[in-house]
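Colleague: Structure for this input, please:
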Amino acid sequence: MAKKSKRRCDTLPVLHPDAAGIDVGASELFVAVSADRDPHPVRSFPTFTRDLHALADWLEQCGIHSVAMESTSVYWIPIYQILEARGLEVYLVNAQHVKNVPGRKTDVSDCQWLQYLHSVGLLRASFRPPGEICAIRSLWRHRSSLIQMAAEHVLHMQKALDQMNLQIHRVLNDITGVSGLKILDAILEGQRDPVFLARLCHGGVRSSEDTIAKSLEGDYRSEHLFALRQSLTTFRYYQQLVLEVDREIELQLGDLKTAATAERTTPARTKARPYQRCRYEPKMFDLRAELYRIFGVDLTNVPGISAITAQTILCEIGTDVSRFRNASAFASWLGLCPEKKISGGKVLFTKSRRVRSRVATALRMGAQSLHHAKDYLGEFFRRIVRKLGKPQAITATAHKLARIVFHILNTKEPYSETVFHKSEEETMRRAEMRLRKQAAYLGFHVVPAENG
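Modeller: Okay, the predicted model is just below:
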C-alpha cells in the first residue's frame with residue numbers, strides 16, 4: 001500500500017503534505033495518512049465518541065492539519081464537529097467528485113484515495129455555513145419535517161370524511177382552518193344536524209350555508225369517527241410541537257448579531273400588496289422583522305421571496321456570501337445555470353445540473369408564484385414562458401432571483417427595479433439602432449409612430 005501511494009505522489013506535486021483521508025461509515029471509520037507519518041498509515045476506528053477522540057489524537061500525533069471526508073448521510077457530522085473543535089481544517093467533499101477507479105472499491109482504498117487526492121490539491125470543500133447558522137438550520141429542517149407529518153394526518157382526516165361521504169373538505173378551502181376545526185370538533189362531540197354544523201362556519205366562507213349543510217349529510221360510522229378523532233388529535237399534537245420549535249428558533253435567532261446596516265424599525269415595503277404572513281410562518285414572533293435585523297436588508301421586498309424563503313436562505317447560506325466569487329458562481333452552486341458538456345465538437349448536454357438544494361427549490365417556488373405579477377420579474381417570467389415553456393421559465397426566473405439575492409446580501413442595498421428599467425431602455429435603444437441600420441441598408445427610412 002505504501003509503495004503504491006509513493007508512486008502516485010511522485011506523479012503530481014504534493015500541495016498538502018499534512019493531509020489525511022477518512023472513509024465514513026455508520027459503525028466504523030477508516031483513516032489514511034501519508035506513509036512517512038506513521039508505520040501503520042491506515043487505521044480503523046469505531047464510531048463511539050471515545051474512539052472519535054482517539055482518532056483525533058492520532059491525527060494530531062501524525063502532524064495532520066487538514067482532513068478530507070465524504071458527506072455520507074449524517075454519519076460525518078460527529079467526527080466533523082470533533083475535528084473542527086480540535087482546530088483541524090476539514091474538507092467535506094461530494095462523493096460524486098471523488099469516485100475511485102472501478103474495481104478498487106474497498107474502505108481501505110477509499111480512504112487512501114481521498115488522502116492522495118487531498119494531498120495533491122484535487123479536492124474542493126463543500127460550502128457549509130457557520131456553526132450558529134447550522135444550529136438554526138437543523139431546527140428549521142426539523143420544523144419542516146413536523147409540518148410534513150402533520151399534513152399526512154390531514155390526509156387521514158380527509159380519508160375518514162370521504163368514507164363517511166362528508167364532503168366538507170371539498171367545500172371549504174382548508175379543513176384545518178377556523179371553520180373546519182369547529183365543525184370537526186362538533187361532529188366528534190356527537191352533533192349531526194347539518195344546519196347547525198353549517199352555521200359554525202366563519203362569515204368569510206365563500207360557500208353558501210345550504211351548500212355547506214348538504215356537504216355534511218353523510219353516513220356516520222363509529223370506526224371512521226374513531227379514525228377521524230385520532231387523526232385530529234395527532235394533527236394538533238404536531239402543531240404544538242411546531243410551536244415549541246418556533247420558540248427555540250426565536251431564541252437561536254436572538255443570539256445572532258444585528259447587521260450594521262439594520263435600522264431600529266423595519267422599513268416600509270415597496271410591494272404593491274401589504275405584507276401578509278404565510279400559513280406556515282412562525283406565529284410566536286415577527287419573522288420578517290427578525291430577518292431584517294440579521295440581514296440588514298429586507299429580502300421580502302423582492303417579488304417572489306416570502307419570509308419563509310428568506311428564512312430558508314438564512315439557514316442554508318447564512319448572511320455572508322463572500323465564499324462565492326460572484327453572482328454567477330452562486331447561481332451555479334444552486335444548480336440554476338445550464339451546464340454545457342461537449343465531446344468531439346458535439347454538444348451532449350445543455351440543461352441545468354440536478355442539485356438538491358433547499359434554496360434552489362424555494363427560489364423555484366417563488367419564481368412560479370410570479371406568473372401573474374405586475375412587475376419586471378412577472379413580465380420576464382411570462383416572456384420566457386412564451387419563448388421556452390414554463391419549466392425553463394421557472395429555472396430562468398429562479399436564476400435571476402438568485403442573482404438578486406446575492407447582490408442584496410453582498411452590497412446590503414435595498415431591492416429596486418430601476419436597474420431593470422435602465423437595462424430595458426438600453427435594450428430598446430440598441431434594438432432601434434439595429435432596425436434603423438438594417439432599414440438604411442435596404443433603402444428604407446424608419447419613421448417613429450405618432451403618440452396617441
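Colleague: drop to CA atoms for contacts and neighbour counts, all remaining ones
Modeller: Noted.
Colleague: Next, name the residue at the spatial heart of the chain.
Modeller: When Cα atoms, centre = their mean is applied to the chain, the residue found nearest the centroid is R358 (1.6 Å).
Colleague: Provide a list of residues in contact with that residue.
Modeller: Counting by Cα atoms under 8 Å, 6 or more residues apart in numbering, R358 makes contact with T312, E316.
Colleague: Roughly how far does I77 sit from R277?
Modeller: Counting by Cα to Cα, to the nearest Å, the gap from I77 to R277 is 34 Å.
Colleague: How about D320?
Modeller: Taking Cα to Cα, one finds D320 at 26 Å from R277.
Colleague: okay, and for this structure, where does confidence drop off?
Modeller: Across the chain, residues meeting the criterion (pLDDT under 70) sit at 1-11, 100-104, 272-276, 451-452.
Colleague: can I see the domain layout of it?
Modeller: What the record gives for the chain is the domain set 2-119, 132-254, 287-416, 425-452, from automatic domain parsing.
Colleague: F30: what secondary structure?
Modeller: Secondary structure, DSSP: H, G, I helix; E, B strand; the rest coil: F30 is strand.
Colleague: actually L92, sorry about that
Modeller: When classified by three-state DSSP, L92 comes out as strand.
Colleague: Check the burial of it by counting its neighbours.
Modeller: 21 (other Cα atoms under 10 Å).
Colleague: got it, and K346?
Modeller: Number of residues near K346 (other Cα under 10 Å) recorded here: 8.
Colleague: Dig out what it forms beta bridges with.
Modeller: S343 (DSSP bridges).
Colleague: what about it, distance to K340?
Modeller: Distance from K346 to K340, by Cα to Cα: 10 Å.
Colleague: likewise D246?
Modeller: Per Cα to Cα, D246 is found 43 Å from K340.
Colleague: higher neighbour count, the two?
Modeller: Legend: neighbour count by other Cα under 10 Å for D246 and K340, higher for D246 (20 against 12).
Colleague: Mind checking what secondary structure the residue lying closest to that one once chain neighbours are set aside has?
Modeller: Leaving aside its chain neighbours, D246 sits nearest to P282 (6.0 Å; criterion: Cα to Cα, 6 or more residues apart in numbering). The local conformation at P282, judged by three-state DSSP, is coil.
Colleague: on that earlier part again, ok, which of the domains of the chain comes nearest A125?
Modeller: The closest of the domains of the chain to A125 is domain 2-119. By Cα to Cα, the value is 4.7 Å.
Colleague: gap between the closest one and the chain center?
Modeller: 29 Å (Cα atoms, centre = their mean, to the nearest Å).
Colleague: ok so F406 is a helix residue?
Modeller: Yes. Assessed with three-state DSSP, F406 lies in a helix.
Colleague: Tell me how many other residues surround it.
Modeller: Neighbours around F406, by other Cα under 10 Å: 21.
Colleague: Make sure it is actually in contact with S328.
Modeller: No. F406 lies out of contact with S328 (Cα atoms under 8 Å); the separation is 9.3 Å.
Colleague: all helices for the stretch 51-200 of the chain, in order.
Modeller: For the stretch 51-200 of the chain, the helices defined by DSSP state H, counting those that start in this stretch occupy 76-85, 107-119, 131-163, 168-171, 178-188, 194-198.
Colleague: List the buried residues for the shortest one?
Modeller: Neighbour-count burial for helix 168-171, counted by 16 or more other Cα atoms under 10 Å, picks out I168, H169, V171.
Colleague: go on, the fifth one?
Modeller: Judged by neighbour count (16+ other Cα under 10 Å), helix 178-188 contains these buried residues: S179, G180, L181, K182, I183, L184, A186, I187.
Colleague: The last one and A198: what is the separation?
Modeller: Yep, that's I187 we're talking about. 11 Å.
Colleague: what does the third one give?
Modeller: Counting by Cα to Cα, the gap from L181 to A198 is 12 Å.
Colleague: ok, now the second one?
Modeller: Computed as Cα to Cα, the G180 to A198 distance reads 10 Å.
Colleague: Now the common contact residues for these two.
Modeller: With Cα under 8 Å, 6+ apart, G180 and A198 have no common neighbours.
Colleague: And R364, how close does it get to Q81?
Modeller: Separation of R364 from Q81 (Cα to Cα): 32 Å.
Colleague: more crowded one of these two?
Modeller: Neighbour count, other Cα under 10 Å: between R364 and Q81, R364 has more, with 23 against 13.
Colleague: any idea where the strands of this protein begin and end?
Modeller: Assigned by DSSP state E, the chain shows strands spanning 19-23, 28-33, 42-46, 66-70, 89-93, 341-343, 346-349.
Colleague: which residues touch the first one?
Modeller: If I follow you right, that is strand 19-23. Counting by Cα under 8 Å, 6+ apart, 29-34, 64-70, 107-108, 110-116, 118-119 sit against strand 19-23.
Colleague: for the stretch 351-452 of the chain, what spans make up the helices?
Modeller: Using DSSP H, counting those that start in this stretch, the helices of the stretch 351-452 of the chain run over 358-368, 376-388, 390-411, 418-441.
Colleague: quick revisit: need the winner for burial among the helices of the stretch 51-200 of the chain.
Modeller: Most buried of these, by mean neighbour count (mean count of other Cα atoms under 10 Å): helix 107-119, with a mean of 24.
Colleague: and the angle for that one with strand 66-70?
Modeller: Between helix 107-119 and strand 66-70, the angle comes out at 130 degrees (axes from the mean of the first three to the mean of the last three Cα atoms, to 10 degrees).
Colleague: who does helix 107-119 touch, helix- and strand-wise?
Modeller: helix 2-11, strand 19-23, strand 28-33, strand 66-70 (3 or more Cα pairs under 8 Å, 6 or more residues apart in numbering; DSSP states H and E).
Colleague: angle of it against strand 42-46?
Modeller: 110 degrees.
Colleague: Only alpha carbons, please: show helix 107-119 as CSV.
Modeller: What follows is helix 107-119 as a C-alpha-only set of coordinates in CSV (Å, rounded to 0.1, in the frame of the first residue of the first chain):
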residue,chain,number,x,y,z
ASP,A,107,-12.9,1.1,2.6
VAL,A,108,-9.1,1.0,2.8
SER,A,109,-8.6,2.0,-0.8
ASP,A,110,-11.3,4.7,-0.5
CYS,A,111,-9.6,6.5,2.5
GLN,A,112,-6.2,6.2,0.7
TRP,A,113,-7.7,7.6,-2.4
LEU,A,114,-9.2,10.6,-0.5
GLN,A,115,-5.8,11.2,1.2
TYR,A,116,-4.0,11.2,-2.1
LEU,A,117,-6.5,13.5,-3.9
HIS,A,118,-6.4,15.9,-1.0
SER,A,119,-2.6,15.9,-0.7
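Colleague: what's it in contact with?
Modeller: Contacts with helix 107-119, where a contact means Cα under 8 Å, 6+ apart, come from 5, 8-9, 14-23, 30-34, 42, 67-69, 98, 100, 123.
Colleague: Likewise for stretch 198-205?
Modeller: L172, V178, S179, G180, K182, I183, E209, D210, I212, A213, L216.
Colleague: ok, back up a step: can I get the strands of the chain in CSV including distance to I313?
Modeller: Below are those laid out as CSV (distance: least, Cα to Cα, whole Å):
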stretch, distance to I313
strand 19-23, 30
strand 28-33, 33
strand 42-46, 36
strand 66-70, 24
strand 89-93, 20
strand 341-343, 30
strand 346-349, 29
